[in-house]
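Undergrad: Sequence first, then the predicted structure:
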Amino acid sequence: MEPVRHKQSGITSGNQSDKKRKTMEQDHSTDEIRQAAAGIAENYNDYDVPMYGSLLRLPERNAVIDILHDLQKLLFPAYFGDPYLTRLPPQQYSALLLEHIQKKLCKQISLALEETPENITAAREICSAIIQKIPDIQRYLAKDLTATFEGDPAAKSKMEVLFSYPGFFAIFVYRIAHELYLRQVPLIPRMMTEYAHSKTGIDIHPGAVIGEYFFIDHGTGIVIGETTIIGSHVRIYQGATLGALSPKSGQARSDTKRHPTVGNNVTIYSGATILGGETVIGDNVTIGGNVFLTDSVPANTRVSIKAPELKFREAEF
């Protein structure tokens, strides 16, 4: 029996050693957590915007995205609508969705504004103005749809464009966000366009002013800045930038015209970069691929870069 007791004692001693080691590891881990937590807590105070405390009144990102999807159902019911609801007469269907959108939009606008009695009224007025503007937005989008289909030989139908083209989706979101931007609604317009940016790779600031029959081809990498003005019947290809000069100035130039103005019937090919608030592209201009512009271009002009010299030599194996 004695050897058995000796064996059990060894097990007990080993267990105690393991517990002591684990306790030391836990204490060490706790020290690391305490130090990191203290640093994080100190960092909260270094920001010039609230970082800790009571939760802020902010629009809900998922709710804003849901509103966009509801607007797709409203404006393009045959593609995105509920099959059961689309059995209703068109006006009844539209009224039902508008009421639903109005409630959700008014709530999110209220959350975006400072909580005051005046802003409760302001949120309702803004929401009402947006609802009244939706038929106009729908007419704009019909023209954008036509421009996209007629401008892209690869498009087999307008249905294909509407249901699947990222450029058209980005324009749809911009048209909605722009109306909110014009009414100085904080956060929500940019939330909308950044959602489209994340889905399509197309970055259109909601402050940009864009005319009718707008066409984005392919789209990935396109950037259109806040103070850009674009006329009608304009087409832009992937990778094009309508940007600002000297962005290092930051907020010091936030109220100035920083981005270019583009006239009517202009084509901007892939990779082109056009910068500056004083840069004006006249009507009927074609900007070639990879062109870099900081100067204005007169109407009825074609701009291109000189083709690089190519060299060919026989491959060595």
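TA: Yep, it's here. Numbering: from 1, shown residues only.
Undergrad: Give me the distance between the residue nearest the centre of the chain and residue 72.
TA: With the centre of the chain defined as its mean C-alpha position, the nearest residue by C-alpha atoms, centre = their mean is residue 194, 1.6 Å away. In this view, residue 194 and residue 72 are 17 Å apart by C-beta to C-beta, to the nearest Å. For the C-beta atoms, the positions are set from N, CA and C on the backbone; glycine is no exception.
Undergrad: residue contacts, residue 281?
TA: 260, 261, 262, 263, 266, 274, 287, 293, 296, 297 (C-beta atoms under 8 Å, 6 or more residues apart in numbering).
Undergrad: Kindly recompute the last result at 7 Å.
TA: 260, 261, 262, 263, 266, 274, 287, 297 (C-beta atoms under 7 Å, 6 or more residues apart in numbering).
Undergrad: If the residue nearest to it when sequence neighbours are not counted is in a bridge, with which residues?
TA: Of all residues not flanking residue 281 in the chain, residue 262 sits nearest, at 4.6 Å (C-beta to C-beta, 6 or more residues apart in numbering). In this structure, residue 262 bridges to residue 230, residue 281 when assessed by DSSP bridges.
Undergrad: For burial, what's the neighbour tally of residue 262?
TA: 26 (other C-beta atoms under 10 Å).
Undergrad: so who does it touch?
TA: 229, 230, 231, 234, 281.
Undergrad: circling back: could I get the contacts of residue 281 as CSV with distance to residue 137 and pLDDT?
TA: Below are the contacts of residue 281 laid out as CSV (distance: C-beta to C-beta, whole Å; pLDDT from 0 to 100):
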residue, distance to residue 137, pLDDT
260, 25, 98
261, 23, 98
262, 21, 98
263, 23, 98
266, 23, 98
274, 27, 98
287, 28, 98
297, 31, 98
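Undergrad: So which of these is the closest to residue 218?
TA: Distance to residue 218 across the contacts of residue 281 (C-beta to C-beta) is lowest for residue 287, with 15.8 Å.
Undergrad: wait, isn't residue 185 in contact with residue 112?
TA: Yes. Contact status for residue 185 versus residue 112: in contact at 5.8 Å, counting by C-beta atoms under 7 Å.
Undergrad: Neighbour count for those two, which is higher?
TA: Comparing residue 185 with residue 112 by neighbour count (other C-beta under 10 Å), the higher total belongs to residue 185, at 24 against 21.
Undergrad: And that one, what's its pLDDT?
TA: At residue 185, the predicted lDDT confidence score is 98.
Undergrad: Can you tell me how far it is from residue 109?
TA: For residue 185, the distance to residue 109 - C-beta to C-beta - is 6 Å.
Undergrad: overlap in contacts of those two?
TA: Shared contacts of residue 185 and residue 109, defined by C-beta under 7 Å, 6+ apart, comprise residue 126.
Undergrad: For ChimeraX, what selects the buried ones among the contacts of residue 281?
TA: The following ChimeraX line selects those of the contacts of residue 281 that are buried, judged by 16 or more other C-beta atoms under 10 Å:
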select :260,261,262,263,266,274,287,297
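Undergrad: which intervals of the stretch 201-317 of the chain have sub-threshold pLDDT?
TA: Applying pLDDT under 70 to the stretch 201-317 of the chain flags residues 247-253.
Undergrad: 90 - rerun?
TA: In the predicted model, the stretch 201-317 of the chain carries pLDDT under 90 at residues 246-255, 307-311, 314-317.
Undergrad: where do the strands sit along the stretch 101-250 of the chain?
TA: Taking DSSP state E, counting those that start in this stretch to define them, one finds strands in the stretch 101-250 of the chain at 203-204, 209-210, 215-217, 223-224, 229-230, 235-237, 241-243.
Undergrad: Flag every buried residue along stretch 50-59.
TA: Neighbour counts over stretch 50-59 (16+ other C-beta under 10 Å) mark residue 59 as buried.
Undergrad: Just give me how far it sits from the chain centre.
TA: Put simply, stretch 50-59 sits 22 Å off its chain's centre (C-alpha atoms, centre = their mean, to the nearest Å).
Undergrad: what do you get for stretch 217-224?
TA: That offset, for stretch 217-224, works out to 12 Å (C-alpha atoms, centre = their mean).
Undergrad: Tell me the buried residues in it?
TA: Buried residues in stretch 217-224, defined by neighbour count with 16+ other C-beta under 10 Å: 217, 218, 219, 222, 223, 224.
Undergrad: now swap in stretch 199-213 and tell me
TA: Quick answer for stretch 199-213 (16+ other C-beta under 10 Å): 200-208, 210-213.
Undergrad: Include distance to residue 96 when you put those residues into JSON lines, please.
TA: As requested, these are exported to JSON lines (distance: C-beta to C-beta, whole Å):
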{"residue": "200", "distance to residue 96": "29"}
{"residue": "201", "distance to residue 96": "34"}
{"residue": "202", "distance to residue 96": "31"}
{"residue": "203", "distance to residue 96": "34"}
{"residue": "204", "distance to residue 96": "30"}
{"residue": "205", "distance to residue 96": "33"}
{"residue": "206", "distance to residue 96": "27"}
{"residue": "207", "distance to residue 96": "32"}
{"residue": "208", "distance to residue 96": "32"}
{"residue": "210", "distance to residue 96": "30"}
{"residue": "211", "distance to residue 96": "32"}
{"residue": "212", "distance to residue 96": "29"}
{"residue": "213", "distance to residue 96": "31"}
